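Enquirer: here's my sequence, what's the structure:
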Amino acid sequence: MFKRKTREIKIGKVKIGGTNPVAIQSMCSTKTSNIRATVAQILKLEKEGCEIIRVGVPNLASARAIHEIKKQIHIPIVADIHFNADLALAAIESGADKIRINPCNTPRSGLIKIITAAKNTKIPIRIGINSGSIRPFKEKITANDLIREAKKQIRFFEKHNFRNLVISLKHTDVSETIKAYRAISRLYNYPLHVGVTEAGTLINGISKNAIAIGNLLLTGIGDTIRVSLAENPIQEVRAAKAILKALNLYKKEPTLIVCPTCSRCEIDVLKLSRELEPRLSAIKKPLRIALMGCAVNGPGEAKQADFAIVGSRAKGMIYKKGKVIKIVPEKNLAKEFLRIIQ
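Expert: So this is what the prediction gives:
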């Protein structure tokens, strides 16, 4: 798949932009000052596949907590700063791997302090422009408003000789989000953090993000993504992986092909898929695995898969590289299928 060439930026040990794969981000829902709870959540997110984590820094205790949190996690940590530049300086001192600021709500004098500190520590800054924070507030914010604000802020950072930047222009509207990112990608080669802001609850939020992020990635736009959801951040990471898998951009886990089921099904595909999916995700290889209920599309999908099950009269035919290697009773299918794959 074509990918727009952007400059490479290093966030801790993770590189984005250039020829690097799209990195998955999420944001903690815990109070950052609660070190124990925040570390516990980050470790769960790491296990799920999160590659960069962001934490809110609303006060000095949160900024200072980054120092202890960082000792106990294994992925880069980004400090999310609003209004108060001194909190960014404290977060940088505590070892933050990147600073995310919204320049719309930060005084210019404060931005200069942040730029100086980021230069000294050689960490990047994300300029995050959101539809809800453009000044002055308006009844309707468009992609053009986001672009205008981004250009103004980028000029300021470049004027102060700072180009270690990541850019995001997030809108709650899918169409405006796509327009904004397409426009900014034609103007600059900074890596882009892509997503829909305040996208909503699980189904609505995933739908909005899948349309916007998928559209942009298909046209080569996007270097790191966050699927913003009013949900447990674990769901954000799962959704992000699903989007990348759908575009063949995620190579760390199997991709699961599952028939939607109908009256022709010879086995309980839904039960089988629910049992197998979490176990298959623990296999860290880009396998193509198909679970099919009958002979209509089953053999064809099995031919294209690394491993497959095709239902047949309360039994399952297990395929490997397009060939039947075993027929197993339905009650033993999941266990035997996993054994063969492993």
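Enquirer: contacting residues around stretch 137-147?
Expert: With contacts defined as Cβ atoms under 8 Å, 6 or more residues apart in numbering, stretch 137-147 is touched by 129, 131-132, 134, 169, 171, 176-177, 179-180, 183-184, 187. No exception for glycine: its C-beta is placed from N, CA and C like everyone else's.
Enquirer: how is this protein divided into domains?
Expert: Listed by automatic domain parsing, the domain ranges of the chain are 9-246, 255-341.
Enquirer: would you turn those domains into CSV with distance to Lys3 and mean pLDDT?
Expert: Formatted as CSV, the domains of the chain follow (distance: least, Cβ to Cβ, whole Å; pLDDT from 0 to 100):
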stretch, distance to Lys3, mean pLDDT
domain 9-246, 5, 96
domain 255-341, 18, 93
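Enquirer: a markdown table for those, including mean neighbour count and distance to Phe2?
Expert: Formatted as a markdown table, those follow (neighbours: other Cβ atoms under 10 Å; distance: least, Cβ to Cβ, whole Å):
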| stretch | mean neighbour count | distance to Phe2 |
| --- | --- | --- |
| domain 9-246 | 19 | 4 |
| domain 255-341 | 17 | 20 |
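Enquirer: and which of the contacts of stretch 137-147 is nearest His82?
Expert: Of all these, His82 sits closest to Gly132, with 11.6 Å by Cβ to Cβ.
Enquirer: quick check: the gap between that closest one and Asn34.
Expert: 26 Å (Cβ to Cβ, to the nearest Å).
Enquirer: cool, Arg4 as well?
Expert: In this view, Arg4 and Asn34 are 39 Å apart by Cβ to Cβ.
Enquirer: helix, strand, or coil at Ile225?
Expert: Using DSSP: H, G, I helix; E, B strand; the rest coil, the structure places Ile225 in strand.
Enquirer: circling back: farthest pair within the contacts of stretch 137-147?
Expert: The span of the contacts of stretch 137-147, defined through Cβ to Cβ, is set by Gly132 and Leu187 at 22.7 Å.
Enquirer: with adjacent residues omitted, what lies nearest to Gly110?
Expert: The shortest distance from Gly110 to any non-neighbouring residue, by Cβ to Cβ, 6 or more residues apart in numbering, is to Ala85 (2.8 Å).
Enquirer: meant to ask about Phe83
Expert: Closest to Phe83 by Cβ to Cβ, 6+ apart is Asn105, at 5.5 Å.
Enquirer: give me the phi and psi angles of that neighbour.
Expert: With angles defined as degrees, to the nearest 10, Asn105 sits at phi -120, psi 20.
Enquirer: I'd say it and Ser133 touch.
Expert: Yes - between Asn105 and Ser133 there is a contact under Cβ atoms under 8 Å: 5.9 Å.
Enquirer: for Leu287, grab phi and psi.
Expert: The phi/psi pair for Leu287 (degrees, to the nearest 10) reads phi -80, psi 150.
Enquirer: for it, give me its contacts.
Expert: Contacts for Leu287 were tallied using Cβ under 8 Å, 6+ apart; they are 254-255, 306-307, 341.
Enquirer: Phe2 and Gly222 touch, don't they?
Expert: No - contact criterion Cβ under 8 Å: Phe2 and Gly222 do not qualify, at 11.8 Å.
Enquirer: which parts of the stretch 1-150 of the chain are helices?
Expert: Counting by DSSP state H, counting those that start in this stretch, one finds helices in the stretch 1-150 of the chain at the ranges 35-48, 60-72, 85-93, 108-121, 143-159.
Enquirer: which other helices and strands does the shortest one contact?
Expert: Secondary-structure packing of helix 85-93 (3 or more Cβ pairs under 8 Å, 6 or more residues apart in numbering; DSSP states H and E): helix 60-72, strand 77-81, strand 98-101, helix 108-121.
Enquirer: repeat that with 6 Å
Expert: helix 60-72, strand 77-81, helix 108-121 (3 or more Cβ pairs under 6 Å, 6 or more residues apart in numbering; DSSP states H and E).
Enquirer: Serialize those to CSV and add fields for distance to Gln153.
Expert: Below are those laid out as CSV (distance: least, Cβ to Cβ, whole Å):
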stretch, distance to Gln153
helix 60-72, 22
strand 77-81, 14
helix 108-121, 9
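Enquirer: closest to Ile318 out of the ones you listed?
Expert: Nearest of the helices and strands packed on helix 85-93 (Cβ to Cβ): helix 60-72, 42.0 Å.
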